[in-house]
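S.K.: Sharing a model prediction with you, sequence too.
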Amino acid sequence: SKLSYKKLTVANMALRTIMHRITHTYMRPNSVRLLTRAMSSNSQEDNPSFSDMVAEYLKKAEEYIIKDEMRITGHPREEIVGILDAIRDCNNVLNVSFPLRRDDGTIVIIEGWRAQHSHHKTPCKGGCRFSEDVNADEVKALATLMTYKNATVDVPYGGAKAGVKINPRAYSVPELERLTRRFAIELSKKGFLGPGIDVPAPDMGTGQREMAWIADTYAHTTGHLDINAHACVTGKPISQGGIHGRTQATGLGLFFAIRNFIQDAEFMSSIRVVPGFVGKTFIVQGFGNVGYYIARYLHRAGCKMIGVMEYDGSIYNEDGIDPEDVIKYKEKTRGLSGYSGGEFVEGQLFDKECDIMVPCAIEKSIHLGNADTIKARIILEGANGPVTPKANDLLLSKNILMIPDMYANAGGVTVSYFEWLKNLNHVSFGRMTMRYERDSNYALLDSVQKSLEQKFGATAGSIPIQPTPQYLNRMSGADEEALVESGLEYTMDRAANQIKKIATDSGLGIDMRTAALVYAVEKIYKIYNEAGLTYM
């Protein structure tokens, strides 16, 4: 052969990479194939790209802002339109590719992206997902969504997102560690990773383990002189600077989100639903971390889970399903097939009667092909972009309340913000105040007791003051997890009140998605307008 040894090696690497991609595209595990088919069986006339979905939703909110001159007063129309155009575009997109030597000696090329949508607030913030279906369009769209999600819950970040195009189940742990650390290096070298620059978090296919690898890599390389190095990423294990309460944050945030609507008599009357949780039925699509925790909190509040949809099929039981039993079975078998607590259904359960539908799987799972069959009165969006724009319009016409993703699943980024603050302060929440609060509470009870004994004299004898069980639980002061959950609850409540106010005052009815986007865009607009556009 006329090829040199070097050229032969390169050709061999390329051939192996092609074979690897073919293998993991057409011969991937059945579970992944089933997941894609079951949850993305989208009708051909309603299969927009993720970025087109986000753009269409945003366009509706922008048109509303421009039309309603009272929303932004004292600004020429041309200026408003210009700033809205500046907000819309994605600022930076990084595309990287690098070789990975697998355990068997073969070499494959790994491709990844990081998109920074907006720098109106820094650092940028958004998850890092490992998925063989990820692409640049999806990453940019998710980064855009993160900008508005952060603004909706008043988290001072710009929006960002990262994706690595792999099926993580097809790689060993050492291989995942090598490619995660290499991806972190690529991000940090090019200004896409750092405590004050860009802060990733877990997403689909990643978790605490991957975040710990990223933090450790940054701290020992480009960030080795930065005392705040471990704030370069959130969602870490506690031992690496993580925060108590992060694991359940998104699911708990979902619960606080629906609570703000389901206990609102005015909004419930508009969709003809009795206020309150007790007796309500719900179905969850995707029983991972988010799906499990929202099911757990709804179950505790008095709701009844009657269905679960997963990649290998669904289970349905009108008499109710225990979330704890389902998660134990799924962790043991990695699926729902064979579960004895309900009827196993090969397809989905969108056509079943229920009060609350909670899609926690992938984008575009609700589309024109199934939206008309949905009988739920409330859709609580645990996933990002689970409803296509056309399906959204159809569901609104059916008077179905959708609690949108940019608000509903913002619990994760809210608690990530708390973790970031903890890392910058280098002290856990509650450590400086817990003992003092406990002593103050006991001193208060002692003061009340002595005052009563002094007033009523010796004849009354001792007058012990017994705290109620609820107060007794709080007397020792709030630990980190209690403070995190309290802060999350306040954040979700405040955002819900603003979204509902915009919807009511502006005549949007139950269109909470447009109301939330109007709320977010107006805040970002104000920052652009006041700070100027030179460095945005």
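M.R.: Here it is on my side, so go on.
S.K.: where does the stretch 151-300 of the chain dip in pLDDT?
M.R.: Along the stretch 151-300 of the chain, segments meeting pLDDT under 70 are nowhere present.
S.K.: all strands for the stretch 51-200 of the chain, in order.
M.R.: Counting by DSSP state E, counting those that start in this stretch, one finds strands in the stretch 51-200 of the chain at the ranges 92-101, 107-116, 124-130, 158-164, 198-202.
S.K.: And these: which comes nearest P359?
M.R.: Proximity to P359 (CB to CB) singles out strand 124-130 among those, at 17.1 Å. Every residue, glycine included, has its C-beta placed from N, CA and C.
S.K.: For that closest one, report the contacting residues that lie outside it.
M.R.: The contact list for strand 124-130 (CB atoms under 8 Å, 6 or more residues apart in numbering) reads 114-118, 142-143, 146, 150, 155, 157-164, 166-168, 176, 197-206, 210, 214, 412-413, 416-417.
S.K.: what do you get for stretch 239-251?
M.R.: So stretch 239-251 is in contact with 208, 211-212, 215-216, 230-231, 234-236, 238, 252, 289-294, 296-297, 382, 409, 411-412, 414-416, 418-419, 422-423, 428-429, 479-481, 484-485, 488, going by CB under 8 Å, 6+ apart.
S.K.: and if you look at stretch 463-483?
M.R.: With contact meaning CB under 8 Å, 6+ apart, stretch 463-483 is reached by 243-245, 428-431, 433-438, 441-442, 445-446, 448-449, 452-453, 456, 486.
S.K.: Would you check that M268 makes contact with N260?
M.R.: No - M268 is beyond contact range of N260, at 11.4 Å (criterion: CB atoms under 8 Å).
S.K.: Only the buried subset of the contacts of stretch 239-251, as a PyMOL command please.
M.R.: Selecting only the buried entries of those in PyMOL, with 16 or more other CB atoms under 10 Å as the criterion:
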select buried, resi 208+211+212+215+216+230+231+234+235+236+252+289+290+291+292+293+294+296+297+382+409+411+412+414+415+416+418+419+422+423+428+429+480+484+485+488
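S.K.: Inside strands: which ones of the contacts of stretch 239-251?
M.R.: If you go by DSSP state E, the contacts of stretch 239-251 have nothing in strands.
S.K.: Among the contacts of stretch 239-251, name the ones in helices.
M.R.: 208, 211-212, 215-216, 252, 289-294, 296-297, 411-412, 414-416, 418-419, 422-423, 480-481, 484-485, 488 (DSSP state H).
S.K.: Can you show me the helices along the stretch 51-200 of the chain?
M.R.: Assigned by DSSP state H, counting those that start in this stretch, the stretch 51-200 of the chain shows helices spanning 77-88, 136-152, 173-189.
S.K.: Could you look over the ones you listed and pick the most buried one?
M.R.: Ranked by mean neighbour count, these are led by helix 136-152 with a mean of 26 (mean count of other CB atoms under 10 Å).
S.K.: Tell me the helices and strands packed up against it.
M.R.: When contacts are defined as 3 or more CB pairs under 8 Å, 6 or more residues apart in numbering; DSSP states H and E, helix 136-152 packs onto helix 50-67, strand 92-101, strand 107-116, strand 124-130, strand 158-164, helix 405-408, helix 411-425, helix 512-531.
S.K.: these two touch, right, I65 and R77?
M.R.: No - at 10.9 Å, I65 and R77 do not qualify as touching, with contact defined as CB under 8 Å.
S.K.: Over to K455. Which of the three states is it?
M.R.: Three-state call for K455 (DSSP: H, G, I helix; E, B strand; the rest coil): helix.
S.K.: what about it, how many residues close to it?
M.R.: Each residue near K455 was counted by other CB atoms under 10 Å, and the total is 9.
S.K.: any weak-confidence spans in this protein?
M.R.: Counting by pLDDT under 70, the chain shows low-confidence ranges at 1-45, 69-71, 73-74, 458-460, 534-536.
S.K.: can we see that at 80?
M.R.: 1-46, 67-78, 457-461, 473-477, 532-536 (pLDDT under 80).
S.K.: What count of nearby residues applies to H426?
M.R.: Neighbour count for H426, taken as other CB under 10 Å: 11.
S.K.: ok, now how distant is it from M146?
M.R.: Distance of H426 to M146, computed by CB to CB, to the nearest Å: 26 Å.
S.K.: Tell me who's in contact with G338.
M.R.: F344.
S.K.: just so I know, which of the strands of the stretch 51-200 of the chain lies nearest G335?
M.R.: Using CB to CB, the nearest of the strands of the stretch 51-200 of the chain to G335 is strand 124-130, at 20.0 Å.
S.K.: Strand 198-202 and that closest one, what's the angle between them?
M.R.: Angle between the axes of strand 124-130 and strand 198-202 is 40 degrees (criterion: axes from the mean of the first three to the mean of the last three CA atoms, to 10 degrees).
S.K.: Just checking: what are the partner strands of strand 124-130?
M.R.: strand 158-164 (parallel), strand 198-202 (parallel) (DSSP bridges).
S.K.: got the CA positions of it in PDB?
M.R.: Extracted C-alpha coordinates of strand 124-130, given in PDB (Å, rounded to 0.1, in the frame of the first residue of the first chain):
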ATOM      1  CA  CYS A 124     -24.500  31.300  32.300                       C
ATOM      2  CA  LYS A 125     -26.300  28.300  33.700                       C
ATOM      3  CA  GLY A 126     -27.700  25.100  32.300                       C
ATOM      4  CA  GLY A 127     -27.400  21.400  32.400                       C
ATOM      5  CA  CYS A 128     -25.100  19.000  30.600                       C
ATOM      6  CA  ARG A 129     -26.800  16.000  29.000                       C
ATOM      7  CA  PHE A 130     -25.400  12.700  27.500                       C
END
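S.K.: I'd like the strands of the stretch 51-200 of the chain as CSV, with mean neighbour count and distance to G369 appended.
M.R.: Listed next are the strands of the stretch 51-200 of the chain as CSV, based on neighbours: other CB atoms under 10 Å; distance: least, CB to CB, whole Å:
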stretch, mean neighbour count, distance to G369
strand 92-101, 15, 31
strand 107-116, 22, 29
strand 124-130, 27, 25
strand 158-164, 28, 26
strand 198-202, 26, 31
